[in-house]
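# Okay, predicted coordinates and the sequence, questions at the end:
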Amino acid sequence: MPASAPDPRSLSIFDYTYALPPERIAPAPLPDRDQSKLLVYRAGQITDQIFQHLPQELPANTLLVFNDTKVVQARLFCHKPTGGQVELFCLEPVAPHRAVELAMQQTGECTWKCLVGNGKRWKSGPVLLDFTAQGQPATLTAERLEATDGYSLIRFNWQPASLPFAEVLRGAGHLPLPPYLNRDDTEADAVRYQTVYAAHEGAVAAPTAGLHFSDAVLADLAEHGVDTAHVTLHVGAGTFQPVKADRMDGHAMHGEPFVVEAQVLRQLLAHGSQPLIAVGTTSLRTLESLYWLGVQADAGLLTTDALPHVAQWQPYEPGSDLPTADALYALLNYLHEQQLEALHATTQLLIAPGYQFRMIRGLITNFHQPESTLLLLVAALLGPDWRRVYEHALANDYRFLSYGDSSLLLP
């Protein structure tokens, strides 16, 4: 961290706020994905565009990195034998697999960490949910094992037991829309709260910067010679977690699992110093996390004993000046030694003013909630100009939050 930079641990979240009128929160997406507004911030200058023109706005030789996670229907409305309803919101798998990809293929029985709605009315015994999967009647049974720290461990059993848990959620679950939308999900949401390139199930919130991309925009990017790459970070419910501490050192950043293929690391190395732009804050956090895992790999700190992990404050400790390319080479060497073709890791990385970006040169992102860690990330990238960007968006009828408009930030 540069000597002149603030230490993010001493920051107050109340310095990163603005007045967001409720009517500026987009309740639903526009009819066409790529017709949203696009605010372009380029070296201090702000212009207004339409998202379909994004390819013309990108710097030459850009590599765009997308998060191809897919949102699962993680909300389950079960009923007690006496008829009362209990809502279960699946957060992350616990047993027999902690890896999301394996947990989604589990058959017969599994245990997840869940949020429970109407939990006080659920004293004991199982709750049930009848649904249809693959055209056949099916039944899900949920039993609470323990409750702690605001969540519960829930053991699920289902019949037919041959169904993978992914099919259970598809048949029994509802899409977990952001809580501030305050409405039930619809059939339209099942399509529009997913990116067109979503591939790997496991997120409980969409990587919303990607919602603006249409097949036409992706084709236009290819015509303009824009290279693309994909990473997978399964967005957790913690993305909506408010900052309640007076100082950021009192805030525990949520952790999220991610996967990056070795060939993507090689692609990043081959791209060299040319512009690397993240599509969304989740892609950005994944890319920056790669650098810090590379620092660990270079120091011989990555082992087979535990999943590689980036701690919340790692970048702000007395640190490393390891060149970015060396960090990526160290990660590739680690994968080669472990005979792995993909890096599976977790990150709690908190990016806030004072952070020195090692990987990315720009960001495509929506407009975020006041006093959120997502807004801190934007402030880290733009410095004090984040206020100008948000004031411009408010003054020019931009739509905010998950289904809102977009921005291309090129500091």
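Perfect, I can see it now. Numbering: from 1, shown residues only.

# Could you spell out which stretches of the chain belong to which domain?
Split into domains by automatic domain parsing, the chain comes to 8-70+192-410, 74-174.

# JSON lines for those domains, including distance to Thr186 and mean neighbour count?
C-beta coordinates here come from the backbone N, C-alpha and C atoms, glycine included. Listed next are those as JSON lines, based on distance: least, C-beta to C-beta, whole Å; neighbours: other C-beta atoms under 10 Å:
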{"stretch": "domain 8-70+192-410", "distance to Thr186": "8", "mean neighbour count": "19"}
{"stretch": "domain 74-174", "distance to Thr186": "10", "mean neighbour count": "17"}
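
# closest one to Tyr180 among those?
Minimum separation from Tyr180 across the domains of the chain (C-beta to C-beta) falls at domain 8-70+192-410, 6.3 Å.

# Straight-line length of that closest one, end to end?
Chord length of domain 8-70+192-410, first to last residue, is 22 Å (C-alpha to C-alpha, to the nearest Å).

# Now do it, average pLDDT.
Confidence for domain 8-70+192-410, expressed as mean pLDDT, is 95.

# Then Leu102 would be within a helix, right?
Yes. Under DSSP: H, G, I helix; E, B strand; the rest coil, Leu102 sits within a helix.

# mind listing what it touches?
Leu102 is in contact with Pro93, counting by C-beta atoms under 8 Å, 6 or more residues apart in numbering.

# what do you get for Asp185?
Arg75, His174, Leu175, Pro176, Leu177, Tyr193.

# hmm, try it at 7 Å
Residues near Asp185 by C-beta atoms under 7 Å, 6 or more residues apart in numbering: His174, Leu175, Leu177.

# Could you do Ala325 as well?
By C-beta under 7 Å, 6+ apart, the residues touching Ala325 are Leu269.

# quick one: it is in a strand?
No. In this structure, Ala325 is helix, not part of a strand, as judged by three-state DSSP.

# Run through the strands of the stretch 201-350 of the chain in chain order.
227-233, 256-261, 276-279, 309-310, 342-347 (DSSP state E, counting those that start in this stretch).

# What lies in contact with the longest helix belonging to the chain?
Longest helix of the chain, by residue count under DSSP state H: helix 281-298. Residues from elsewhere that reach helix 281-298, judged by C-beta under 7 Å, 6+ apart: 65-67, 207, 231, 233, 235, 258, 260, 278, 302, 308, 310, 314-315, 320, 322, 324, 326-328, 330-331, 334, 345, 347, 349, 351, 357-360, 363, 365, 374, 377.

# Please save the CA atoms from that helix in PDB.
Extracted in PDB, the C-alpha atoms of helix 281-298 (Å, rounded to 0.1, in the frame of the first residue of the first chain):
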ATOM      1  CA  THR A 281     -17.300  -6.300  -9.100                       C
ATOM      2  CA  THR A 282     -17.200 -10.100  -8.700                       C
ATOM      3  CA  SER A 283     -15.000 -10.600 -11.700                       C
ATOM      4  CA  LEU A 284     -12.800  -7.700 -10.400                       C
ATOM      5  CA  ARG A 285     -12.400  -9.300  -7.000                       C
ATOM      6  CA  THR A 286     -11.600 -12.600  -8.600                       C
ATOM      7  CA  LEU A 287      -8.900 -11.100 -10.800                       C
ATOM      8  CA  GLU A 288      -7.300  -9.100  -7.900                       C
ATOM      9  CA  SER A 289      -7.500 -12.200  -5.700                       C
ATOM     10  CA  LEU A 290      -5.400 -14.100  -8.300                       C
ATOM     11  CA  TYR A 291      -2.600 -11.700  -7.700                       C
ATOM     12  CA  TRP A 292      -2.600 -12.200  -3.900                       C
ATOM     13  CA  LEU A 293      -2.800 -15.900  -4.300                       C
ATOM     14  CA  GLY A 294       0.200 -15.600  -6.600                       C
ATOM     15  CA  VAL A 295       2.000 -13.800  -3.900                       C
ATOM     16  CA  GLN A 296       1.300 -16.700  -1.500                       C
ATOM     17  CA  ALA A 297       2.300 -19.200  -4.100                       C
ATOM     18  CA  ASP A 298       5.600 -17.400  -4.800                       C
END
